[in-house]
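Engineer: Here is a sequence with its predicted model. Questions after.
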Amino acid sequence: MTSSETLAGGIRPRPIVGRLPRYAAGKPPVDVAGMVSYKLSSNENPLPPLPAVVEAIANQTDFNRYPDPLSSKLRNALAEFLDVPADDIVTGAGSLGALNQLLAAFAGQNDDGKADEVVYAWRSFEAYPISVGLAGAESVRIPLTADGRHDLEAMAAAVTVRTKVILLCTPNNPTGPVLTATETERFIQAVPSDVVVVIDEAYQEFVRAEDAVDGLAMYRKYPNVVVLRTFSKAHGLAGLRVGYSVSNPELTQYLRMAATPFAVSQIAERAAIVSLQNYPQVVERVQSLVEERDRVTAGLRELGWFVPAAQGNFVWLSLGADSGEFAELAGERALSVRAFGDEGVRVSIGEVEANTRFLELCANYTKPPRRS
């Protein structure tokens, strides 16, 4: 539907709704005779939640009651786990829910009718332009470098008096590279201190680069920094929708006002707490996926394929106009991958057999991605 179309009874959506891109969730794999199907299109953890988590939530029966709107028990557990004050944590329905709360509080349409600006790299998390647009703000997208990294110099140069929020996705989804501590701190120091700098670390647990930025370290040094994290990826709780932001009290007081009431259910809160209590097991599972990621990346490079530095639970293939064709070929092999128009294909790290089948497909594909 475009902004010029009307619904029954003459109802019209806000004009911005017709201009926004549609969020395209990763599709499930198709059934192929004689083959096990694997979904590698949504950056999901292929491993189920920890047994202790499954047991804990199976024993809950209090769903006739509303959950604690402040998720106090989870915030206290996170405060101890992260060594931050519980008052600096605001929970949300995944890290995306936490982001939407932040945008609602700090970026949108002003009393003079002018929209605030939100600066972010592109391509990055595909929900960014949707969330920014629905908040009433204007997106300022800065192209990635040829190796899939944020162009921080260009992003800093794009900041104007209307800029209210900057989004830094690290590792960047869908391309994979991280921001380093040195370049991130230099960037934060270069932008005005009244601009909120969001460090989106949805895949933080998968990072092994020694020079990677630690969002919490930046939050402790700079009062305009907000960190986003989630239990969806490393903890395998994507379906329960629990994430959070960490920021200084000057910001959290407004984030709580913008927070969706009861966004984190009691089952999600309990699952997250138990997962934190068993974190060594989470680390073991994450490490197994990191080793698979490194195996896949090494295999692709042995084939002569260019792959950006992968630090999440996925790899990026800059296949350009061949992206759709590659995704179709993967589908014929019972693998669902995520094609982004004519830009590239993101492939999540899944089960060992799935990853091996993906490498076999690449070994027989004659149009490998090259560094542009």
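Structural biologist: The structure has been received and is ready for your questions.

Engineer: going forward, measure contacts and count neighbours with C-alpha atoms only.
Structural biologist: Will do.

Engineer: Break this structure into its domains for me.
Structural biologist: 8-48+280-363, 61-278 (automatic domain parsing).

Engineer: okay, now residue 337: neighbour count?
Structural biologist: By the criterion of other Cα atoms under 10 Å, residue 337 has 27 neighbours.

Engineer: Check the one 4 residues further on too.
Structural biologist: By other Cα under 10 Å, the residues close to residue 341 number 13.

Engineer: OK, contacts around it?
Structural biologist: The contact partners of residue 341, taken as Cα atoms under 8 Å, 6 or more residues apart in numbering, are 321, 323-324.

Engineer: Please apply the same query to residue 152.
Structural biologist: 183, 187.

Engineer: Tell me the predicted confidence for it.
Structural biologist: Looking at residue 152, its pLDDT stands at 98.

Engineer: now do the one 5 residues further on
Structural biologist: Per-residue confidence (pLDDT) for residue 157: 98.

Engineer: What distance do you get for it to residue 142?
Structural biologist: 10 Å (Cα to Cα, to the nearest Å).

Engineer: So for these two, which residue has more residues nearby?
Structural biologist: For residue 157 versus residue 142, neighbours defined as other Cα under 10 Å are more numerous around residue 142 (19 against 10).

Engineer: Just say helix, strand or coil for the nearest residue to that one once chain neighbours are set aside.
Structural biologist: In space, and not counting its chain neighbours, residue 142 is closest to residue 121: 4.7 Å by Cα to Cα, 6 or more residues apart in numbering. Assigned state for residue 121: strand (three-state reduction, DSSP: H, G, I helix; E, B strand; the rest coil).

Engineer: Next up, the contacts around residue 121.
Structural biologist: 141-144, 150-151, 155, 167-168.

Engineer: would CSV of the residues you listed with distance to residue 211 and secondary structure be doable?
Structural biologist: Below are the contacts of residue 121 laid out as CSV (distance: Cα to Cα, whole Å; DSSP: H, G, I helix; E, B strand; the rest coil):
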residue, distance to residue 211, secondary structure
141, 26, strand
142, 23, strand
143, 23, strand
144, 20, coil
150, 15, coil
151, 17, coil
155, 21, helix
167, 20, strand
168, 16, strand
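
Engineer: could these be laid out in JSON lines, adding distance to residue 350?
Structural biologist: Output for the contacts of residue 121, formatted as JSON lines (distance: Cα to Cα, whole Å):
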{"residue": "141", "distance to residue 350": "30"}
{"residue": "142", "distance to residue 350": "31"}
{"residue": "143", "distance to residue 350": "29"}
{"residue": "144", "distance to residue 350": "26"}
{"residue": "150", "distance to residue 350": "26"}
{"residue": "151", "distance to residue 350": "30"}
{"residue": "155", "distance to residue 350": "33"}
{"residue": "167", "distance to residue 350": "28"}
{"residue": "168", "distance to residue 350": "26"}
